[in-house]
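# all I have is the shape, not the residue letters:
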Ligand SMILES: [Zn+2]
């Protein structure tokens, strides 16, 4: 499935107004090559109802065990939480924590992949993924942060 509007707009706004590190690549161990940090499509390991396959999720690669990347990721998560009511995302996951559509935080367990220690995952329900009326709100919030 093609990426939804929420995903394509989200990626382009993060690329332009987010921290500069989002425009860099990282060495992906499994793929054995440099990959972009902003990813919409799912890798080959995903299938079926996966929100990436359905084009309604973004992964933002920022390693939680690297301090400057984790700080950056925590700030991005805070931006998503701040603009939550406008963005109408379904879930955000990062570094052993997850937030539901209401902004309530829960611990994220499971294996390392499930814990999301390498990337922020943000997804929209299909019903809210076809529009992105929150573009300016996200831009304004990203611009208001000091990305160092
Ligand atoms: Zn994901």
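Everything's here; your move. This structure is a prediction, so every number in the text was calculated from the model and none was measured.

# which residue, other than its chain neighbours, is closest to residue 37?
Distance criterion CB to CB, 6 or more residues apart in numbering; nearest residue to residue 37, sequence neighbours excluded, is residue 61 at 4.2 Å. Where C-beta positions appear, they are placed from N, C-alpha and C, glycine not excepted.

# centre of the chain to stretch 20-30, how far?
Computed by CA atoms, centre = their mean, to the nearest Å, the chain-centroid distance of stretch 20-30 equals 14 Å.

# which residues does it contact?
Contacting residues not belonging to stretch 20-30 are listed as 14-15, 33-38, 43, 60-63, 68-69, 72, 147 [CB atoms under 8 Å, 6 or more residues apart in numbering].

# out of those residues, name the ones that lie in helices.
Under the assignment DSSP state H, those contribute 14, 15, 68, 69, 72 to helices.

# which residues sit in contact with the residue nearest to residue 37?
26, 35, 36, 37, 38, 39, 118, 119.
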